[in-house]
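Novice: structure for this input, please:
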Amino acid sequence: VACLTPLLRLPSGDAFRVSLHRASHACQTLAYGVGMAGCSLTMSPVSVFAQTAVRRSVRRLAAAASHAARGPERAFAGASPTTFLSHHSHAGHSRVPVAPLRRGVSATARAILDAVPVPEKGEPAAQKPSSSDEDEYKWAPRDPKVHSLEGSLVILEGVGGDVKPGTLFDIGENGTTAVLLSHREPKTFALMFDASGGKDGAPSLGPRAVVEIGDKVSVRKKSKFYMPNELDVVGRRIGALGEPLDGGPIPGGAGRDVALSENAGSQLFREPPSVEDRKPINTPLVTGVKPLDVLTPIGRGQCLLLTGEVGTNLSQLGINAIVAQTEMNANKNVRCVYGAIGAAAFDSGASAMKTLQDAGATDTTVVSCAPDASLTERYAATCAAFAVAEAARSLGKDVLLVLDDFTGLIGFSREMGRLSPQLDFDEDTSENAPSKEQMVEYEGMIINALLAERRRFLGMTLQRVARMNDKLGGGSLTLMGVMYHQTGAYRGKAASEKNSGVVGESGSVVVPQLPAGFGEMSAQMREKITAAIEVKKQQAEKFKQEQEKNNAVSALGSKHAPEHNHTQPRPLVEEFMSITDGQVFVESFDSTNGWVISAKDSVSRIGSPGAAGPLMSMNMLQLRLDVMQADDMSVFGAKGLEKESMRDRSAAIRGVLRQTPGSTSRLSEQTVGLYALQKGKLVGMNSEEAFAAVQLAIERARVEMPELLAQIDNAPSKKLTKQIFEQLETLFADGEGKGK
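Specialist: So this is what the prediction gives:
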């Protein structure tokens, strides 16, 4: 309202310029207000990021007003007497020329102006169409047509940026249909499909008939692409269009009308929930993986990145979390969806589906694509996985979505840049127009213009992760997304020489420098320091040789691993880290000891609100600091009582957090282990001894107090009471740690 009201009362002459100045100022004020409103809520970074579209639209309106406000002599130079907009004001009826206003502004601003019907001279202003023909109504003069083709991807021109993703198109005269994927001025990208061209009438990718460059395109503005109903996809393996990949019946039936919203699932593409639609993340999602639940707890509605080198088995980590929901939740209150988009698509997700079913996760939906799928089709499959999860969330369910790869999302954004290299601001020839190399303001940051555009695109997908408010059912969508980084990206010259805070292994050996005042010390002291440094040099050289050997083996193995084709460079990984609500940095993987998590590089930006109550009762956040302090102390030698104590505690932490892959650690079991660690029951024990002591206590608890364990598992948000602490103490009454 603040943006549009001044524009509805446009006088002429200098007063016109003043009004536009006021409109521009109102736009900027509204943008600031929107930003401040979001910051006042305790939301996840991704939730606050949902304000992007609103602020961007307001800024663009402000830019359009500013261009026009430069003066009537510039704004209306060469105005056509036939191109006018009619406006009503309190003073009466006035006519404002639009064609000159269009010139000199960005393509996005022109799209805003073009969205208004332009009447011919002497004709009344266009009226809003009736509901019967609203879908076919043509607004501003456009001539959408096919610009080029790449497989199932069709690149269109003349569509206009006001048409939303997910909108359906009719292409040519032969009945070919396409769904809009995204815009990148001045082009529009859509995926062609045949709603009943597959086996037994299932949807299939690709055009129904031959499509040629220049074919006319009809925009069905009110028709969106809907996925099948939630009940039809539970326990199924489907593709990007909802087509069956497991040989079962067609979800929704043969010839399903993808534009019909009744008895359907969620839209394939939809607007992310607004800030008002969300509520704070304060309910934990227990993954059953001890390093995750203790070091980087994840809340329901959070977006978490899993990253590591090829060979760290990140996809298995995500599957482990899905299986845990089946084992830990008897009433199955967490719905699970697995996106086999990257390496897991080598057999269209069949192996992933079998692994989940064999583990008992039979209700999980697997969304996949063909092994040779294009980046466009992988992007569509990624959005389909989100849509399936959103449909369950709309029913009030808590949903865990695991994506084995982001290649489709990242690759498609690159494809758009290749196929439509012109940015919308390239057409802005004004003095202050930004270029591709210039730094621009985006979300409070000063970054490269191309990077800002990519962050907008990536963010619009990740914004779909949210916990909804009670009016919308109170459901949540939690994302665990896998992204492999290149081998060695965080080691050697590519990273710090210090490998601080790795839970599960000792860090690299750092050789200390000679201390200040070394020459003024006694000869005996200098000899001791020199000898200590020499020992460190030998240890560092040995460690370096072992690392080079391990790296060579790892590189040889990863070269032939299917994940090798889906790795991302370090800058892109860190860009995702900055967008998501946290990351789990996996250093290595062992089939016996499980995943080795970096305590230094892994973080959950939701923090304690997303952590389990029983674990928070025992100051679980202190463990990260203890591990990093122990590693720092190892740099200066292993002697000394305090250093030995920190080293022993670090070893005990590794023992408590050790977990065999494929197994599930219930919250009650993690509580027993953390109690032993924090209450001094494992003092003086090494990693193996600590692991054995905790396992013995857990077995004893299963026999002596099963009701207590069930009570802890069934109330993950509730903190421990004094009575529970007293009961846990009895598990260790027969013996204390070696140091006691």
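
Novice: where in the stretch 251-400 of the chain is pLDDT low?
Specialist: Flagging of the stretch 251-400 of the chain using pLDDT under 70 yields the residue ranges 330-332.

Novice: how about the helices in it?
Specialist: With DSSP state H, counting those that start in this stretch as the criterion, the stretch 251-400 of the chain has helices at 290-295, 314-328, 350-358, 375-393.

Novice: dump these to CSV, plus distance to Thr580 and mean neighbour count.
Specialist: For the C-beta atoms, the positions are set from N, CA and C on the backbone; glycine is no exception. Listed next are the helices of the stretch 251-400 of the chain as CSV, based on distance: least, C-beta to C-beta, whole Å; neighbours: other C-beta atoms under 10 Å:
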stretch, distance to Thr580, mean neighbour count
helix 290-295, 14, 25
helix 314-328, 14, 23
helix 350-358, 22, 18
helix 375-393, 15, 27
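
Novice: out of those helices, which comes closest to Leu728?
Specialist: Evaluated over those, closeness to Leu728 peaks at helix 290-295, with 16.4 Å, by C-beta to C-beta.

Novice: coming back round to it: Gly255 is nearest to which of the helices of the stretch 251-400 of the chain?
Specialist: Gly255 sits nearest to helix 375-393 of all the helices of the stretch 251-400 of the chain, at 19.1 Å, using C-beta to C-beta.

Novice: now Ala449: how far from Gly417?
Specialist: According to C-beta to C-beta, to the nearest Å, Ala449 stands 12 Å off from Gly417.

Novice: which one's more surrounded, these two?
Specialist: Taking neighbours as other C-beta atoms under 10 Å, Ala449 and Gly417 compare with Ala449 leading, 18 against 15.

Novice: ok, Cys383 touching Leu268?
Specialist: Yes - using C-beta atoms under 8 Å, Cys383 makes contact with Leu268 at a distance of 5.7 Å.

Novice: ok, and what's touching stretch 200-211?
Specialist: 146, 149, 151-152, 154, 171-172, 174-177, 191-198, 239-244, 250, 254-256, 258, 377 (C-beta atoms under 8 Å, 6 or more residues apart in numbering).

Novice: can you list the buried residues in stretch 153-166?
Specialist: Judged by neighbour count using 16 or more other C-beta atoms under 10 Å, the buried positions of stretch 153-166 are Leu153, Val154, Ile155, Leu156, Glu157, Gly158, Val159, Gly160, Gly161, Val163, Pro165, Gly166.

Novice: quick one: end-to-end length of that stretch, please.
Specialist: Terminal residues of stretch 153-166 lie 14 Å apart, using C-alpha to C-alpha, to the nearest Å.

Novice: distance to Ser665 added to the helices of the stretch 251-400 of the chain, as JSON lines?
Specialist: Formatted as JSON lines, the helices of the stretch 251-400 of the chain follow (distance: least, C-beta to C-beta, whole Å):
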{"stretch": "helix 290-295", "distance to Ser665": "5"}
{"stretch": "helix 314-328", "distance to Ser665": "8"}
{"stretch": "helix 350-358", "distance to Ser665": "19"}
{"stretch": "helix 375-393", "distance to Ser665": "25"}
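
Novice: pLDDT wise, what is Pro11 at?
Specialist: The per-residue pLDDT reported for Pro11 equals 42.

Novice: try the one 3 residues further on
Specialist: You'll see Asp14 listed with a pLDDT of 44.

Novice: same question for Glu243.
Specialist: Confidence at Glu243, expressed as pLDDT, is 94.

Novice: ok, now Gly161?
Specialist: 86.

Novice: okay, and which of the contacts of stretch 200-211 map to helices?
Specialist: Glu377 (DSSP state H).

Novice: buried subset of the contacts of stretch 200-211 as a ChimeraX selection?
Specialist: Selection of buried members from these for ChimeraX, criterion 16+ other C-beta under 10 Å:
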select :146,152,154,171,172,176,177,191,192,193,194,195,196,197,198,239,240,241,242,243,244,250,256,258,377
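
Novice: among the contacts of stretch 200-211, which lie within strands?
Specialist: Judged by DSSP state E, strands contain the following of these: Val146, Leu149, Val154, Ile171, Thr176, Thr177, Leu191, Met192, Phe193, Asp194.

Novice: many thanks, we can stop here.
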